[in-house]
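Q: have a look at this prediction, sequence included:
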Amino acid sequence: MQPSVTRENFDQWIVPTYAPASFVPVKAEGSTLWDQEGKSYIDFAGGIAVNALGHAHPDLQLALQQQATLLWHTGNGYTNEPILRLAKQLVDATFADRAFFCNSGAEANEAALKLARKVAMDNGHQDKNEIVAFKNAFHGRTLFTVSAGGQPAYSKDFAPLPQGIHHAVFNDLTSAAALINDQTCAVIVEPVQGEGGVVPAEPAFLRGLRELCDKHGALLIFDEVQTGVGRSGSLYAYMHYGVTPDVLTTAKALGGGFPMGAMLTTENLAAHLNVGSHGTTYGGNPLAGAVGGKVMELINRPEVLAGVAERHQWFVEGLNAINQRLQLFSEIRGLGLLIGCVLNQDFSGKAKQINLAAAQEGLMVLIAGASVVRFAPSLIITRQEVEEGLLRFERACRAVTEGASV
Ligand SMILES: *Cc1c(COP(=O)(O)O)cnc(C)c1O
């Protein structure tokens, strides 16, 4: 018998970097989870844009179980079949010629930023080490990536920070142009700012960044950790925008719940990360390769990607109807199945309260800042799950609007 554990034990034994919900999920299937008490929750959070095929997908279970009987890990002194197959899938499906595998989004971005500095250094441009990023961006929690992120609150307590990173205003090309020059080795941007409030880039903004990078010989890095692997309705959001980066980072949905990440780039750039220049013990291990390969196979299909746009419509229509009745949101925005409900002035700062009320009603949602409720559900969530989830969402919103008017 395993000893019984409770939510209270979190506060006793775990470093308090998180404040998890009051219930403990124990199992899940599709887009429904159950907690220790047997209460059900509809999942509009998708493990923060990770569970793109829902929970316990039978084909992913099989891929993981089959690989688990063969080979788990060798270290990068040896390659393996599943990761080679996944690399081929990614190279065939994108602009990239090469993939570097790692375990998370932060590590994929860390690799991308290190690559940009090394390319400039290898080309004899010691001073070309500046990185332009954007305010409100999120790129991960390593010291380099958290410094590239545009929320000083996340980095300021860890000073001194890596140097040479400048932040422009997102969707403001003039502001970016003022910072990008011949000393710039890379521009890193999310096609849709996820944590920063679900803010899609304007197409002209990304096109303008592409031109500025070309003019100044800087690498354009798209952080697609949240937007990638079908979430935008295209396999990668760069395809939706028609703007091709030099480097793309992908993680979250790539493993469908198994931790993994990748940095994708061209043949010429990849050559700079020569033997010994970078690495990670677990990156590209066979278990991750087997699961990631199956995720890509299942998501990179016209009918699944078209289904994302269809589901976007279900959400937007349902949310607009709720808003007609409750007058809660000033805007419903986003791309594909990354959707943000922006609270209007009367309810500004109440996203967390809605998140808590939703849990009461049996619904998991995300927030993106204090005033945006965010959804990042499974790309194959059923119509019935969406409808039931939206019913629960309306009840949660009503609890907050009625609570607020008392
Ligand atoms: C989540 C996220 C990251 C960080 O990924 P981790 O796997 O948590 O390291 C980086 N960039 C974006 C855009 C993200 O959404």
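A: That came in fine, so what should we check first? Please read these numbers as outputs of a predicted model, since none were measured by experiment.

Q: kindly report the residues of the stretch 251-400 of the chain close to the ligand.
A: Selection of the stretch 251-400 of the chain residues close to the ligand by Cβ under 6 Å from any ligand atom yields 251-252. C-beta here means a position set from N, CA and C on the backbone, and glycine is covered the same way.

Q: and if we set it to 5 Å?
A: residue 251 (Cβ under 5 Å from any ligand atom).

Q: for the stretch 251-400 of the chain, which segments count as strands?
A: Here the stretch 251-400 of the chain has its strands, by DSSP state E, counting those that start in this stretch, at 261-265, 329-335, 338-343, 363-364, 366-367, 372-375.

Q: counting by contacts, list what the first one packs against.
A: Same thing as strand 261-265. helix 81-93, strand 98-102, helix 105-122, strand 247-250 (3 or more Cβ pairs under 8 Å, 6 or more residues apart in numbering; DSSP states H and E).

Q: can I get the CA coordinates of it in CSV?
A: What follows is strand 261-265, C-alpha atoms only, in CSV (Å, rounded to 0.1, in the frame of the first residue of the first chain):
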residue,chain,number,x,y,z
GLY,A,261,11.6,20.2,-26.4
ALA,A,262,13.4,20.9,-29.6
MET,A,263,15.2,23.7,-31.4
LEU,A,264,14.8,23.6,-35.2
THR,A,265,17.1,25.4,-37.6
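
Q: most tightly surrounded among the helices and strands packed on strand 261-265?
A: Most buried of the helices and strands packed on strand 261-265, by mean neighbour count (mean count of other Cβ atoms under 10 Å): strand 247-250, with a mean of 29.

Q: and that strand, anywhere near the ligand?
A: No - with Cβ under 5 Å from any ligand atom as the criterion, the ligand is not reached by strand 247-250; the gap is at least 7.2 Å.

Q: what strands flank that strand, and is each parallel or antiparallel?
A: strand 219-223 (parallel), strand 261-265 (antiparallel) (DSSP bridges).

Q: how about the residues of the stretch 1-150 of the chain by the ligand?
A: Proximity of the stretch 1-150 of the chain to the ligand, by Cβ under 5 Å from any ligand atom, involves residues 104-106, 139-140.

Q: how does it look with 8 Å?
A: Counting by Cβ under 8 Å from any ligand atom, the residues of the stretch 1-150 of the chain close to the ligand are 48-49, 103-109, 137-142, 145.

Q: I'd like the strands of the stretch 251-400 of the chain as TSV, with mean neighbour count and distance to residue 180 appended.
A: TSV is the format used below for the strands of the stretch 251-400 of the chain (neighbours: other Cβ atoms under 10 Å; distance: least, Cβ to Cβ, whole Å):
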stretch	mean neighbour count	distance to residue 180
strand 261-265	29	20
strand 329-335	20	25
strand 338-343	25	27
strand 363-364	24	39
strand 366-367	22	32
strand 372-375	26	28
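
Q: was I right to think residue 291 contacts residue 255?
A: Yes - with contacts counted by Cβ atoms under 8 Å, residue 291 reaches residue 255, the gap being 5.7 Å.

Q: ok, back up a step: can you say which of the helices and strands packed on strand 261-265 is nearest to residue 391?
A: The closest of the helices and strands packed on strand 261-265 to residue 391 is helix 105-122. By Cβ to Cβ, the value is 32.6 Å.

Q: hang on, the earlier thing: if we take the residues of the stretch 1-150 of the chain next to the ligand, which one ends up nearest to the ligand?
A: Minimum distance to the ligand across those is 2.3 Å, recorded for residue 105 (Cβ to the nearest ligand atom).

Q: so the residue nearest the centre of the chain, which state does it fall into?
A: Residue closest to the average C-alpha location in the chain (Cα atoms, centre = their mean): residue 226, at 1.9 Å. Of the three states, residue 226 takes coil under DSSP: H, G, I helix; E, B strand; the rest coil.

Q: next one: phi and psi at it?
A: Phi and psi for residue 226, reported as degrees, to the nearest 10, are phi -100, psi -30.

Q: excluding its backbone neighbours, what's nearest it?
A: With sequence-adjacent residues excluded and distances taken as Cβ to Cβ, 6 or more residues apart in numbering, residue 226 is closest to residue 194, at 3.8 Å.

Q: quick one: the helices in the stretch 151-300 of the chain?
A: Using DSSP state H, counting those that start in this stretch, the helices found in the stretch 151-300 of the chain span residues 152-155, 173-179, 203-216, 237-241, 267-270, 286-299.

Q: export the strands of the stretch 251-400 of the chain to CSV and tack on mean pLDDT?
A: Shown next, in CSV, are the strands of the stretch 251-400 of the chain (pLDDT from 0 to 100):
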stretch, mean pLDDT
strand 261-265, 98
strand 329-335, 98
strand 338-343, 98
strand 363-364, 98
strand 366-367, 98
strand 372-375, 98
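
Q: switch the helices of the stretch 151-300 of the chain over to JSON lines; also include mean neighbour count and distance to residue 354.
A: Formatted as JSON lines, the helices of the stretch 151-300 of the chain follow (neighbours: other Cβ under 10 Å; distance: least, Cβ to Cβ, whole Å):
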{"stretch": "helix 152-155", "mean neighbour count": "14", "distance to residue 354": "22"}
{"stretch": "helix 173-179", "mean neighbour count": "17", "distance to residue 354": "32"}
{"stretch": "helix 203-216", "mean neighbour count": "17", "distance to residue 354": "30"}
{"stretch": "helix 237-241", "mean neighbour count": "22", "distance to residue 354": "26"}
{"stretch": "helix 267-270", "mean neighbour count": "15", "distance to residue 354": "43"}
{"stretch": "helix 286-299", "mean neighbour count": "24", "distance to residue 354": "29"}
